[in-house]
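**Q** Kindly return the folded structure for what I paste below:
(one chain, ligands or ions: 1)
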Amino acid sequence: MSLIVAVDIGGTQIRAAAYELNSITPFAQKKTRTRTSEPGVFDRLVDTIEAVWQPGRVDAIGIASPGPLDPHTGTILDTPNIKEWVNFPVGPRLCETFGVPVYLDNDANMAGLAEWQYGAGRGHKDLLYLTVSTGIGGGVISNGKLLQGFRGMAAELGHITVDPNGPLCGCGHRGHIESFASGPAIARYVAEQMKAGKDSLLRDTPKPTAVQVAEAARDGDELAISAFERAGYYLGIAVANYLATFDPSIVIFGGGASQAGDLLFLPFQESLKKNVFHPHYLDDLTITKAALGDDAGLLGALALARLALEQDERQKSR
Ligand SMILES: [Zn+2]
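**A** Got it, this is the predicted structure:
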């Protein structure tokens, strides 16, 4: 029986898994560290894939990778976690090595695709996935198709401006939603406010983590609560913009910040109601948590390869 090999290239781990037709339980899997003291990420990637490879049985490889990247050419443009890959044609190089088609897209798009095919978004045709974690990323399914865009750079939902005078974003621009609502952004806000003289239960922790801020907020700390209110307020503005752009029937939240629960989601929902262009966008809108956890990237890569092969089959049979 034929197999698909799915690969998730994360900041700390490369994971590869082989799946049989219609199954989302891996037949074989392998993990390797992405970064070691030596260069050669590509060689480690090849070794990891070889560990699950079944000669003559694999139909395609699907890859979830950190971006920015070009899914049309299979090229990583540049990525902070893998400095040696600049304009690196990982898709074509793997195709050369293994002799099967290779499909590639960024990790947030792949998590969105996975939630649509196998997770919380099954049955929807218009889906918006947002991961709120150390960064903010997104994936959009529009009319039953993954939205990739002309350059393959659609749905960079963390880098839309919600306040041009806002904090500096990890990307170098100001006031992107990531600079207000990511985990580090919430923690940084608390640190800055304490430095400016605000009192807090965290006063002995000058550089708290987002998890510590969440704990303080649950203990009733006003500054920590206000940090989540601020993040939720801006997240509501961002999602109001996405609703006006994509008009989804479901919004799925993934990533660590979705663990913050009502601390973030109550102010978010209030802000969304206030800022949405028309209340009709909220009729029958499902807002929910991601279902697939750490496997989302891998399962998205699997779905990407399966959908691409199905499309090829359809084109051949015409
Ligand atoms: Zn940005």
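
**Q** now residue 245: how far from residue 272?
**A** To residue 272, residue 245 is 14 Å away according to CB to CB, to the nearest Å. No exception for glycine: its C-beta is placed from N, CA and C like everyone else's.

**Q** Equivalent analysis for residue 298, please.
**A** Residue 298 sits 31 Å away from residue 272, taking CB to CB as the criterion.

**Q** before we move on, the earlier item: have a look at residue 245 and residue 272 and say which one is more surrounded.
**A** More crowded of residue 245 and residue 272, by other CB atoms under 10 Å: residue 272, with 25 against 14.

**Q** SS state for the more buried one?
**A** Classification of residue 272 using DSSP: H, G, I helix; E, B strand; the rest coil returns helix.

**Q** For it, which non-adjacent residue is closest in space?
**A** Excluding the flanking residues, the one nearest residue 272 by CB to CB, 6 or more residues apart in numbering is residue 236, at 4.0 Å.

**Q** Could you give the separation of the strand or helix carrying that neighbour from the chain centroid?
**A** Per DSSP states H and E, residue 236 falls inside helix 222-246. Offset of helix 222-246 from its chain centre (CA atoms, centre = their mean, to the nearest Å): 18 Å.

**Q** How about stretch 66-78?
**A** The chain centroid and the centroid of stretch 66-78 are separated by 15 Å under CA atoms, centre = their mean.

**Q** that older thread, pull out the buried positions in the helix holding residue 236.
**A** Under the neighbour-count criterion of 16 or more other CB atoms under 10 Å, helix 222-246 has 223-243, 246 buried.

**Q** can you check stretch 267-286 too?
**A** In stretch 267-286, counting by 16+ other CB under 10 Å, buried: 267, 268, 269, 271, 272, 275, 276, 281, 285.

**Q** Now render those residues as JSON lines, adding secondary structure, distance to residue 12 and pLDDT.
**A** Formatted as JSON lines, the buried residues of stretch 267-286 follow (DSSP: H, G, I helix; E, B strand; the rest coil; distance: CB to CB, whole Å; pLDDT from 0 to 100):
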{"residue": "267", "secondary structure": "helix", "distance to residue 12": "31", "pLDDT": "97"}
{"residue": "268", "secondary structure": "helix", "distance to residue 12": "29", "pLDDT": "97"}
{"residue": "269", "secondary structure": "helix", "distance to residue 12": "33", "pLDDT": "97"}
{"residue": "271", "secondary structure": "helix", "distance to residue 12": "33", "pLDDT": "98"}
{"residue": "272", "secondary structure": "helix", "distance to residue 12": "33", "pLDDT": "98"}
{"residue": "275", "secondary structure": "helix", "distance to residue 12": "36", "pLDDT": "98"}
{"residue": "276", "secondary structure": "coil", "distance to residue 12": "37", "pLDDT": "98"}
{"residue": "281", "secondary structure": "helix", "distance to residue 12": "37", "pLDDT": "98"}
{"residue": "285", "secondary structure": "coil", "distance to residue 12": "35", "pLDDT": "98"}
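
**Q** would you list the residues you listed in a markdown table and tack on distance to the ion?
**A** What follows is those, written out as a markdown table (distance: CB to the ion, whole Å):
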| residue | distance to the ion |
| --- | --- |
| 267 | 22 |
| 268 | 19 |
| 269 | 24 |
| 271 | 20 |
| 272 | 21 |
| 275 | 20 |
| 276 | 23 |
| 281 | 25 |
| 285 | 26 |
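
**Q** now, the most widely separated pair of these?
**A** For the buried residues of stretch 267-286, the farthest-apart pair by CB to CB is 267 and 281; their separation is 18.7 Å.

**Q** What is the burial count for residue 140?
**A** 26.

**Q** On the three-state scheme, it is what?
**A** Secondary structure, three-state DSSP: residue 140 is strand.

**Q** roughly how far apart are it and the ion?
**A** 18 Å (CB to the ion, to the nearest Å).

**Q** Surely that residue is in contact with residue 148?
**A** No - Residue 140 is beyond contact range of residue 148, at 9.4 Å (criterion: CB atoms under 8 Å).

**Q** what's the overlap in contacts for these two?
**A** Here residue 140 and residue 148 have residue 154 as joint contacts, going by CB atoms under 8 Å, 6 or more residues apart in numbering.

**Q** all helices of this structure, in order?
**A** Applying DSSP state H to the chain gives helices spanning 41-50, 90-98, 107-118, 178-181, 183-195, 210-218, 222-246, 262-275, 296-317.

**Q** Packing partners of the shortest one?
**A** Helices and strands touching helix 178-181, as assessed by 3 or more CB pairs under 8 Å, 6 or more residues apart in numbering; DSSP states H and E, comprise helix 222-246.
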